[in-house]
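In: A structural model of the following input is requested.
(one chain, ligands or ions: 3)
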Amino acid sequence: MSESSDAYKFLAEKHKFGDSETYLRVLRFLMTPQQAEMVAQLPGSFEEVAQRTGLEVDRVKKDLGLLHRKGVVIPTDYKNPESFIFCKHAERMWEICESLMGLDDLYTDEETKQLFKLWDDWKNTDYADMNAERWHNLKAMGIQALRVVPAYKAILDSPEILPHEDAREMVRVQPLVTVVSCSCRKHKGMMGNPCSRTEADPNCLQFAKSAEYTLSRGHGREVSVDEAISIIDRNEEDGLVHVWVNHAKVAAVQPYALCSCCRCCCTVWHYADLRGVANDEVFAKSRYEARVDQDLCDGCQDCVDRCQFDAIEMQKVEGSKRLKAVVDPEKCFGCGVCTLVCEPGALRMHLVRPPEHIPA
Ligand code: SF4
Ligand code: SF4
Ligand code: SF4
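Out: Ligands and ions are numbered 1, 2, ... in the order given. Okay, the predicted model is just below:
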């Protein structure tokens, strides 16, 4: 790579954002021209990169070590970070770069603001376009890549809970669990729009390889199964929606994380909304559906705002002076968080889809 500007362009192209000026600005912020040249030579060890660039091994070690902490390069062996790859894709790099819990020495406050602003410019423009196109394409192929996992407490009395729809089981089977700050909420908070659902931080659970990675970089904290379950409980109480990849596996598989999302911040959901992508292009429904026993509904309306899918309306019902909650089954994705605030117990989850609803 002869010209440093070529290195930035080369790296942006690797992430499929070669024509994105907003993305190039992020890369220029994260790396000096010489560091971009080094990263363009990956994958490789310190020695290999030194040989390819003609730089001293110590220089390469220092810079790749720094870029590892920044989230730009990823070690091939988390326990022995001697060899690196360039972060695999832009979305992942954004998520890691802004996950700064425990990494206060990396940037000054002013630099942190600049970094978040640069990512924000990208997210609101070129990322939002890519994100919308991705969901439209997947929908056209008949693929729903993500699935809503019901709040555990909402389905406690269900006749059958499969491991891959059991948020607690998803934690129990993991060899290692860490907690990190939710990058999506961190981002919106830094941009002056704090999450409207939760103040819990950190509350994003990482598993297995992702958990190992957070420890190697220093931005996560190991948690016990009990602590992880209490984080899940809190996320459910705050009305966050659990999201898992739409398959029937729970251990040693991607995504290595249980996301608990809000429509106001989630990088996938919020930016899909921004481009008018429908909920069913982004998520598959869980096997459950909320239904209201109108005899028990006292019309408090607490469930209406809880539903991030806009599936609950208050309607006039014959024989009642009070409005009653009504769930639109088309819009209900079966997240269950509405039932957790319904004190009279009028809202309950019903199992409405067979196990085959979830692809193997
Ligand atoms: S996808 Fe959801 S839980 Fe994961 S980082 Fe984003 S908002 Fe947080
Ligand atoms: S929370 Fe329960 S009682 Fe209140 S409006 Fe909703 S269904 Fe009715
Ligand atoms: S009505 Fe809304 S909050 Fe309740 S389970 Fe359905 S999607 Fe979730």
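In: tell me the secondary structure for the spatially most central residue of the chain?
Out: The C-alpha lying nearest the average C-alpha coordinate of the chain belongs to residue 259 (CA atoms, centre = their mean; 5.2 Å). Judged by DSSP: H, G, I helix; E, B strand; the rest coil, the three-state class of residue 259 is strand.
In: how about the nearest residue to it, chain neighbours excluded?
Out: Nearest residue to residue 259 in three dimensions, chain neighbours excluded: residue 243, at 4.4 Å (CB to CB, 6 or more residues apart in numbering). Quick note: C-beta positions are derived from backbone N, CA and C, even for glycine.
In: three-state assignment of the one you found?
Out: Classified using three-state DSSP, residue 243 is strand.
In: That one - how many residues pack around it?
Out: 22 (other CB atoms under 10 Å).
In: need the contact list for it.
Out: Taking CB atoms under 8 Å, 6 or more residues apart in numbering, we find residue 243 in contact with 146-149, 258-261, 283.
In: Can you classify residue 110 by secondary structure?
Out: Of the three states, residue 110 takes helix under three-state DSSP.
In: Could you shift the numbering so residue one becomes 5, and keep it that way?
Out: Got it, the first residue is 5 from now on, which makes the last one we talked about residue 114.
In: how much space between it and residue 249?
Out: Distance, residue 114 to residue 249, by CB to CB, to the nearest Å: 38 Å.
In: Counting neighbours, go ahead and name the busier of those two.
Out: Between residue 114 and residue 249, counted using other CB under 10 Å, residue 249 has the larger neighbour count: 16 against 8.
In: With respect to residue 97, which of the contacts of residue 247 is nearest?
Out: Distance to residue 97 across these (CB to CB) is lowest for residue 263, with 17.4 Å.
In: Give me the distance between the closest one and residue 127.
Out: 17 Å.
In: Same check on residue 193?
Out: Counting by CB to CB, the gap from residue 193 to residue 127 is 14 Å.
In: Flag every residue of the stretch 255-364 of the chain that's near ligand 2.
Out: 296, 301-307, 329, 345-346, 348, 350-351 (CB under 6 Å from any ligand atom).
In: If we use 8 Å, what do you get?
Out: 296, 300-308, 310, 316, 318, 328-329, 342, 345-351 (CB under 8 Å from any ligand atom).
In: Now, the residues you listed that are in strands?
Out: Residues from those lying in strands, with DSSP state E as the criterion: 296, 316, 318, 328-329, 351.
In: sec struct for the closest residue in space to residue 290 that isn't next to it in sequence, please.
Out: Leaving aside its sequence neighbours, residue 290 sits nearest to residue 338 (CB to CB, 6+ apart; 3.4 Å). Counting by three-state DSSP, the backbone at residue 338 sits in coil.
In: measure residue 338 to residue 295 for me?
Out: Residue 338 is 11 Å from residue 295, by CB to CB.
In: between the two, who's got more neighbours?
Out: Taking other CB under 10 Å, residue 338 and residue 295 do not tie; residue 338 has more neighbours (29 against 17).
In: Touching, that one and residue 289? I think so.
Out: Yes. Contact criterion CB atoms under 8 Å: residue 338 and residue 289 qualify, at 5.1 Å.
In: can you list residues touching both of those two?
Out: Listed as contacting both residue 338 and residue 289 by CB under 8 Å, 6+ apart are residue 152.
In: Any chance of CSV for the ones in strands among the residues of the stretch 255-364 of the chain next to ligand 2, columns distance to ligand 1?
Out: Converted to CSV, those look like this (distance: CB to the nearest ligand atom, whole Å):
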residue, distance to ligand 1
296, 27
316, 22
318, 28
328, 32
329, 26
351, 24
